[in-house]
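Student: Dropping a prediction and its sequence here:
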Amino acid sequence: MRVSFILIDFKILLFLIMAPGIEDSFRYRMLKYFRSGRLAGVDKVLSFISTAYVYKKNAAVISSAYRSYHAGTPGKLEDVSVQHYSGANEVAIRIGRALQEKAGAELIGAYVHGSIGTGEEISYSDFDGLVIVNNGCMSDPDRLFSLVLALKETEQMMIDMDPLQHHGWFVLTEKDLECYPENYFPLVLFQYAKCLFGSKNFRVMLNSEGCAIQFKKTFYHLADSILHKLETNSFLENHYVFKNLLSEFMLLPAVYFQAKTGNGIFKKFSFEKIENETGEKFEVMRTISLLRQQWNFRMPASDIERMKKQNPLTTNRYAKHHTGKLSAELKNIFSTDFINRMRSFVFDLTNRMEK
């Protein structure tokens, strides 16, 4: 029986844009800043004393670097058109309104993609959002810090949709539009995204320089991440890390084809293509997809409220360690044999990549 794959929301785990070899790039540091505020080793210690201090201190570092940042050599001109979000997802509507009110002047626009963008949410879905920050905000430390606070507050709202939310906003800048990083957020995704507020039509200059190489680095980095989790069984510790593995595994087909072709691909269309390539090995992906469709995790309301009372700058820390143990039924699915089949699937794609 063939499983009908529902849209896979485009995960933005940091490994997608922090692949080895770009650690010193401005983009790496900027995205690291938006995620954790930390740019140096000492920041980890300081963040336990005052996360706000770390964010504010490093806002000056990022703003200074942005003023001299050159994204690369621009290439082909592309027009982007995004429809207004007219869906019924209350969390998306609330987040869009709150962000526009608190930081609308700092953004070219805010967009929702993944399953919310196409109206195919299920209980597994989380919130996939993108913001494009204007030059004025990126160049001003105070405005940048205020934007971070607004983004983090709306990330807390994402908990209402998914308490296991493991990523925040995707972030592009106005300079990125002048030399667009296709490997970070493939343009094809805008075809299925929706605009929460701001510009629905804009132009970008594609930057294809080194894009194919970065797509391949992303694939190998993702494959290594999955294999490490399977080797250590760390993904069975709680629901947060468990869902993280499922999402990584289901992202693998799209990342594989992007690495093979050098072009972005919408996740929904990668599964039939990968099934045709892998044959019977694809069965393990089918099982993972069924788990996603049958997802019924429910966090107690008291725990959700406790998470929402955390400092918006540190909510993610709480989620990583307070999301409940897996049921025996779920653990039983991930037998040694099943884990080996998952590993075999990853190795198969890796071998195909090297041919």
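Tutor: Done, it's in.
Student: quick one: secondary structure of Ala98?
Tutor: Look at Ala98: counting by DSSP: H, G, I helix; E, B strand; the rest coil, its state is helix.
Student: now the closest residue to it other than its chain neighbours: how far from Ala301?
Tutor: If the residues on either side of it in the chain are set aside, Ala98 comes closest to Thr154, at 5.5 Å by Cβ to Cβ, 6 or more residues apart in numbering. Every C-beta, even on glycine, is put in place using the N, C-alpha and C of the backbone. Here the criterion is Cβ to Cβ, to the nearest Å. By it, Thr154 lies 21 Å from Ala301.
Student: which one of the two has more residues nearby?
Tutor: Thr154 (25 against 8; other Cβ atoms under 10 Å).
Student: Which positions in whichever strand or helix holds the more buried one come out as buried?
Tutor: Secondary structure here is read from DSSP states H and E; on that basis Thr154 sits in helix 141-157. Buried residues in helix 141-157, defined by neighbour count with 16 or more other Cβ atoms under 10 Å: 141, 143-157.
Student: repeat for stretch 326-340
Tutor: Under the neighbour-count criterion of 16+ other Cβ under 10 Å, stretch 326-340 has Leu326, Phe334, Ile339 buried.
Student: In this structure the first one contacts Tyr240, no?
Tutor: No: using Cβ atoms under 8 Å as the test, Leu326 is too far from Tyr240 to be in contact (10.6 Å).
Student: picking up where we left off before, adding secondary structure, distance to Phe257 and pLDDT, write the buried residues of stretch 326-340 out as JSON lines.
Tutor: Converted to JSON lines, the buried residues of stretch 326-340 look like this (DSSP: H, G, I helix; E, B strand; the rest coil; distance: Cβ to Cβ, whole Å; pLDDT from 0 to 100):
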{"residue": "Leu326", "secondary structure": "coil", "distance to Phe257": "31", "pLDDT": "90"}
{"residue": "Phe334", "secondary structure": "coil", "distance to Phe257": "26", "pLDDT": "95"}
{"residue": "Ile339", "secondary structure": "helix", "distance to Phe257": "24", "pLDDT": "97"}
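Student: Can you tell me which of the residues you listed is nearest Gly168?
Tutor: Leu326 (24.7 Å; Cβ to Cβ).
Student: which residues of the stretch 151-300 of the chain score low on pLDDT?
Tutor: When the per-residue scores of the stretch 151-300 of the chain are filtered using pLDDT under 70, the ranges that remain are 208-209.
Student: Do you have the helices of it handy? List them.
Tutor: For the stretch 151-300 of the chain, the helices identified by DSSP state H, counting those that start in this stretch occupy 174-178, 211-232, 239-261, 270-278, 283-293, in order along the chain.
Student: Deepest-packed of those, please.
Tutor: helix 239-261 (a mean of 21; mean count of other Cβ atoms under 10 Å).
Student: mind exporting that helix as PDB, just the C-alpha atoms?
Tutor: The C-alpha atoms that make up helix 239-261 are tabulated as PDB, following Å, rounded to 0.1, in the frame of the first residue of the first chain:
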ATOM      1  CA  HIS A 239      10.100  13.600  22.700                       C
ATOM      2  CA  TYR A 240      12.100  16.700  21.800                       C
ATOM      3  CA  VAL A 241      15.200  14.800  20.600                       C
ATOM      4  CA  PHE A 242      13.000  12.100  19.100                       C
ATOM      5  CA  LYS A 243      11.100  14.500  16.900                       C
ATOM      6  CA  ASN A 244      14.300  16.100  15.900                       C
ATOM      7  CA  LEU A 245      15.600  12.800  14.500                       C
ATOM      8  CA  LEU A 246      12.400  12.100  12.600                       C
ATOM      9  CA  SER A 247      12.500  15.600  11.000                       C
ATOM     10  CA  GLU A 248      16.200  15.200  10.000                       C
ATOM     11  CA  PHE A 249      15.600  11.800   8.500                       C
ATOM     12  CA  MET A 250      12.600  12.900   6.500                       C
ATOM     13  CA  LEU A 251      14.500  16.000   5.300                       C
ATOM     14  CA  LEU A 252      17.300  13.800   3.900                       C
ATOM     15  CA  PRO A 253      15.700  13.000   0.500                       C
ATOM     16  CA  ALA A 254      15.300  16.700  -0.400                       C
ATOM     17  CA  VAL A 255      18.800  17.500   0.800                       C
ATOM     18  CA  TYR A 256      20.200  14.600  -1.200                       C
ATOM     19  CA  PHE A 257      18.600  15.800  -4.500                       C
ATOM     20  CA  GLN A 258      19.800  19.400  -3.800                       C
ATOM     21  CA  ALA A 259      23.300  18.100  -3.400                       C
ATOM     22  CA  LYS A 260      23.000  15.900  -6.600                       C
ATOM     23  CA  THR A 261      21.600  18.600  -8.800                       C
END
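Student: Show me what that helix is packed against.
Tutor: Packed against helix 239-261, as judged by 3 or more Cβ pairs under 8 Å, 6 or more residues apart in numbering; DSSP states H and E, are the following elements: helix 211-232, helix 270-278, helix 283-293, helix 315-321, helix 336-353.
Student: and of those, who's closest to Cys137?
Tutor: Proximity of the helices and strands packed on helix 239-261 to Cys137 was assessed by Cβ to Cβ; the nearest stretch is helix 315-321, lying at 22.6 Å.
Student: helices or strands up against the helix or strand that the closest one is followed by?
Tutor: Downstream of helix 315-321, the next assigned helix or strand under DSSP H and E is helix 328-333. Of the remaining helices and strands, those touching helix 328-333 by 3+ Cβ pairs under 8 Å, 6+ apart are helix 283-293.
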